[in-house]
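Asks: sequence and predicted model, in that order:
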Number of protein chains: 2
Amino acid sequence: MSTNQIPYKIYLEEDEMPRAWYNIRADMVNKPAPLLNPLTGKPMTLDEMSEIFCRELAAQELDDTTAYIPIPQEILDFYKMYRPAPLVRAYCLEKKLGTPAKIYYKFEGNNTSGSHKLNSAIAQAYYAKQQGLTGVTTETGAGQWGTALSMACAYLDLDCKVYMVKVSYEQKPFRREVMRTYGASVTPSPSMETEVGRKINAEFPGTNGSLGCAISEAVEAASKNPNYRYVLGSVMNQVLLHQSIIGLETKAALDKYNIKADIIIGCAGGGSNLGGLISPFVGEKLRGEADYRIIAVEPASCPSLTRGKYVYDYCDTGKVCPLQKMYTLGSGFMPASSHAGGLRYHGMSSVVSQLYHDGLMEAVSVEQTSVFAAAQEFARVEGILPAPESSHAIKVAIDEALKCKETGEEKTIVFGLTGTGYFDMYAYQRFNDGQMGDYIPTDEEIAASLAKTPKV
Amino acid sequence: MSTNQIPYKIYLEEDEMPRAWYNIRADMVNKPAPLLNPLTGKPMTLDEMSEIFCRELAAQELDDTTAYIPIPQEILDFYKMYRPAPLVRAYCLEKKLGTPAKIYYKFEGNNTSGSHKLNSAIAQAYYAKQQGLTGVTTETGAGQWGTALSMACAYLDLDCKVYMVKVSYEQKPFRREVMRTYGASVTPSPSMETEVGRKINAEFPGTNGSLGCAISEAVEAASKNPNYRYVLGSVMNQVLLHQSIIGLETKAALDKYNIKADIIIGCAGGGSNLGGLISPFVGEKLRGEADYRIIAVEPASCPSLTRGKYVYDYCDTGKVCPLQKMYTLGSGFMPASSHAGGLRYHGMSSVVSQLYHDGLMEAVSVEQTSVFAAAQEFARVEGILPAPESSHAIKVAIDEALKCKETGEEKTIVFGLTGTGYFDMYAYQRFNDGQMGDYIPTDEEIAASLAKTPKV
């Protein structure tokens, strides 16, 4: 092992950290289709967007021409508390696999939110504060996004109101307590605080809640207070923009040691991590400067890219958010209760969808038992206990490394390790006890759900 | 803020990392008193020690003359997976407190065990493997040590058998699952697998177990298998030796930026973190090269340094381990059920005890509600959600920084942040709900317990 040349962990110096986000839309020939107003069917204007989102974030959402957007100093200072994230050379995993491939992972889990979500949470909280708002609302399912947002709001002294899907609120009390420790108010959804919550509670007494319902409650709560706005953790262009910090740091770390990646792998739910990780690399592809294989990994239980359709669809069950053109399984698609809560979303970011549609990247789906087996193998040699979501990328990175073992190719594989699994031990327990299963939706289930996408 | 000069986080380069542990006993004028055989009352010999511990670790336990012991390459390689740990400048906390003090913390929580325990776990597992053993046994209470050991054993392909105090086994299932994910066998203690376990179960049906009992079971289980040895996570000299990596890295990071510490603060349970952190600094004091204020922080519910006696005592309830001269509350002392499980030990490392006895350091005790308040304040501005144990050091660091605010002194305060609180959210929930209390043992309770120390 040439450990003397490439360290186990590449940390950028603070002065090597990116000072601007990269907006891949500026380099895309085929821009993502515009967001549509669900009431009029027409493209959303900045003013319409600003009723839901902070104005600066709405502007970022619509901006598909500015390639680099400077990161405000206060956000840079916050980033310094937990960034740069290390780019780790997986020497031990390589040795265990006996592969000639060189494996690197960008580890985003070294912060209390446990994931990359903090990169966008602090940006969204910052712009809310700048606009003079006093608080933000959001929804959270598994809880990573809610945790990240509560941390950002605590730092900036901003109210944070989180609607947490009721079943998670009850089954993941520790996630809830992290948010409360950071001062957030956490409400199980559906609640009796909002019209939509009361309506759903009346219609489905004793319901466990859903992400779609929690979104609707958060949007409604924000709309009732002129000093609040709604923020969210994935899918939107603005989120991918902020998450480009992942890819920019990764590329800077590789460049520092003259490493050229061959394959870049990320897990894909709504696309926040994947889009952020791949942006600068796909940018090079778009500009004809370099070539990479890019692989999105999604759960077989919720395969929007590999089995969905590229059409306009609702982003939420309540149908209050703008329509997006994306690979989707239909907004009514109910993924089986898998243990990768962060990947259980029916659609995919417009940017990622367009890149995939244009053949700039590949997608594969994997089953959860194979994902947990990969997670365990990784944990035992690399130390880090990964989040179920991140482990989708691990699974495919291992698969690609084993292909290299067969062919003898010394490919360089880079994958995104988005977070840690410390709040997912119930899932690991199911796996340790041999009680975890797999679920793949039938073609009929997907077709039935897709039949209900809006006619645009 | 002079952020351009001192970075938020000081990371050593891999070639700046320490390559030898520092054995402070070599520089101590008054050596720690020798371990005594509980049966004969005479100093333990290497051969006697080797029946319980791996031979190399027994040798390290008895070695009070070698100042620097080289770290084997395989351990250095493992360290590179999660070390160097950052030395963080707490700019945000300083700003929040409005203090002229400069606050730094050495953060040991960036690994899956969530604490500094891994530093010694890998060393102990390594020497077991070198000796040709096939497995190790240990006990765990809160679970940090058991987790660390299971990680180290997974890496080296060594059996790991953990006796986990029954109440923790049941109330902290997620800690248990982390260990199982790393391949450890975890048994609730008292079990029916050992003589001592069966005896205690017969005597106290339905008992919740205790650390003292779990130690006895682990020692017995190891003694029954010639290819196993017993290992443990604190108190012993060998553990402090391995943990000196904390202090050595801290000092190297400070030296790199020409920073001179004035006050060094660590939480103290058995002394593993504190002893490791302060070793190189106290070494300078002993050699007359520099002066520092050193402060040990212990819980008011278990105040061995501040209210205990400096005498020989049993290390475990079963009285099978060697006797140690130490500050102790008596091996039968039952600390109130506080939420800092890692600090609930009746005695203190012999090294730390001797240093304290010789006036080389101070000690203070703090109450847990004030500790959690400090933890929450820290989390909200510095991002990291700290372990309850580590938060004892935070509390006193904040107190000292506020004193500097009063006097206007620009002191440099360094404290050890030993770990994260991700598996302690039940404790935070109690705090968030205003249900946490404090408990201070009476003089009578302590005297009654001390009356039962052995006559040596």
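Replies: Yep, that arrived.
Asks: how long is stretch A:220-228 end to end?
Replies: The separation between the terminal residues of stretch A:220-228, taken as Cα to Cα, to the nearest Å, is 11 Å.
Asks: if I look at A:Glu170, how far off is A:Asn201?
Replies: Distance, A:Glu170 to A:Asn201, using Cβ to Cβ, to the nearest Å: 15 Å. Any C-beta I mention is one placed from the backbone N, CA and C, and that applies to glycine too.
Asks: so which of the two has more stuff around it?
Replies: Just comparing A:Glu170 and A:Asn201: by other Cβ atoms under 10 Å in any protein chain shown the higher neighbour count belongs to A:Asn201, 18 against 13.
Asks: name the element the more buried one belongs to?
Replies: A:Asn201 is part of helix A:195-203, with elements assigned from DSSP states H and E.
Asks: could you list every helix and strand in contact with the helix or strand following that helix?
Replies: Once helix A:195-203 ends, the next helix or strand along the chain (criterion: DSSP H and E) is helix A:211-223. In this structure, helix A:211-223 makes packing contacts with helix A:46-52, strand A:135-140, strand A:159-165, strand A:185-189, helix A:195-203, strand A:228-230, judged by 3 or more Cβ pairs under 8 Å, 6 or more residues apart in numbering or on different chains; DSSP states H and E.
Asks: will you turn the ones you listed into JSON lines that also has mean pLDDT?
Replies: Shown next, in JSON lines, are the helices and strands packed on helix A:211-223 (pLDDT from 0 to 100):
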{"stretch": "helix A:46-52", "mean pLDDT": "94"}
{"stretch": "strand A:135-140", "mean pLDDT": "96"}
{"stretch": "strand A:159-165", "mean pLDDT": "96"}
{"stretch": "strand A:185-189", "mean pLDDT": "96"}
{"stretch": "helix A:195-203", "mean pLDDT": "90"}
{"stretch": "strand A:228-230", "mean pLDDT": "96"}
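Asks: please identify the most buried of the ones you listed.
Replies: strand A:135-140 (a mean of 27; mean count of other Cβ atoms under 10 Å in any protein chain shown).
Asks: which residue is nearest the middle of chain A?
Replies: The residue lying closest to the centre of chain A (Cα atoms, centre = their mean) is A:Ser272, at 3.3 Å.
Asks: before we move on, the earlier item: ok, and what's touching the helix holding A:Asn201?
Replies: The set of residues that contact helix A:195-203 without belonging to it, under Cβ atoms under 8 Å, 6 or more residues apart in numbering or on different chains, is A:Ser189, A:Pro190, A:Ser191, A:Met192, A:Thr207, A:Cys213, A:Ser216, A:Glu217, A:Glu220, A:Gly318.
Asks: gap between the fifth one and chain B?
Replies: Spelled out, that is A:Thr207. Counting by Cβ to the nearest Cβ, to the nearest Å, the gap between A:Thr207 and chain B amounts to 25 Å.
Asks: same question, the third one
Replies: Using Cβ to the nearest Cβ, one obtains 19 Å as the distance from A:Ser191 to chain B.
Asks: likewise A:Leu248?
Replies: The gap separating A:Leu248 from chain B is 18 Å, by Cβ to the nearest Cβ.
Asks: ok, that residue touching A:Tyr22?
Replies: Yes: at 5.9 Å, A:Leu248 counts as touching A:Tyr22 under the criterion of Cβ atoms under 8 Å.
Asks: what residues do these two have in common as contacts?
Replies: Listed contacts common to A:Leu248 and A:Tyr22 are A:Ser279, A:Pro280; contacts here mean Cβ under 8 Å, 6+ apart.
Asks: can you count the residues close to the residue in the stretch 351-456 of chain A positioned nearest to chain B?
Replies: For the stretch 351-456 of chain A, the residue closest to chain B is A:Met425, as judged by Cβ to the nearest Cβ, at 3.6 Å. Residues contacting A:Met425 under the criterion other Cβ under 10 Å number 22.
Asks: for it, give me its contacts.
Replies: B:Pro173, B:Phe174, B:Glu177, B:Val178 are the contacts of A:Met425 under Cβ under 8 Å, 6+ apart.
Asks: try it again with 6 Å
Replies: Contacts were defined as Cβ atoms under 6 Å, 6 or more residues apart in numbering or on different chains; by that measure A:Met425 touches B:Phe174, B:Glu177.
Asks: up against chain B, what does the stretch 151-300 of chain A have?
Replies: Of all the residues in the stretch 151-300 of chain A, those in contact range of chain B (Cβ under 6 Å from any Cβ of the partner chain) are A:Ala154, A:Phe174, A:Glu177, A:Arg180, A:Thr181.
Asks: does the third one count as helix, strand or coil?
Replies: I take that to be A:Glu177. Assigned by DSSP: H, G, I helix; E, B strand; the rest coil, the conformation of A:Glu177 is helix.
Asks: wait, it sits on B:Arg430?
Replies: No: here A:Glu177 does not reach B:Arg430: they are 9.4 Å apart, not a contact under Cβ atoms under 6 Å.
Asks: residues contacting A:Asp438?
Replies: Taking Cβ under 6 Å, 6+ apart as the criterion, A:Asp438 is in contact with A:Glu367, A:Gln368, A:Thr369.
Asks: quick one: it is in a helix?
Replies: No: for A:Asp438, which was evaluated using three-state DSSP, the result is coil, with no helix membership.
Asks: just want the phi and psi numbers for it.
Replies: phi -120, psi 150 (degrees, to the nearest 10).
Asks: how much space separates the spatially closest residue to it that is not a sequence neighbour from A:Leu417?
Replies: Setting aside the residues directly before and after it, A:Asp438 is nearest to A:Glu367 in space (Cβ to Cβ, 6 or more residues apart in numbering or on different chains), at 4.2 Å. Applying Cβ to Cβ, one obtains 20 Å for the distance of A:Glu367 from A:Leu417.
Asks: pLDDT score for the residue nearest to the centre of chain A?
Replies: Reported pLDDT at A:Ser272 in the predicted model: 95.
Asks: ok, A:Tyr439 - how many residues close by?
Replies: Here the number of neighbours of A:Tyr439 (other Cβ under 10 Å) works out to 14.
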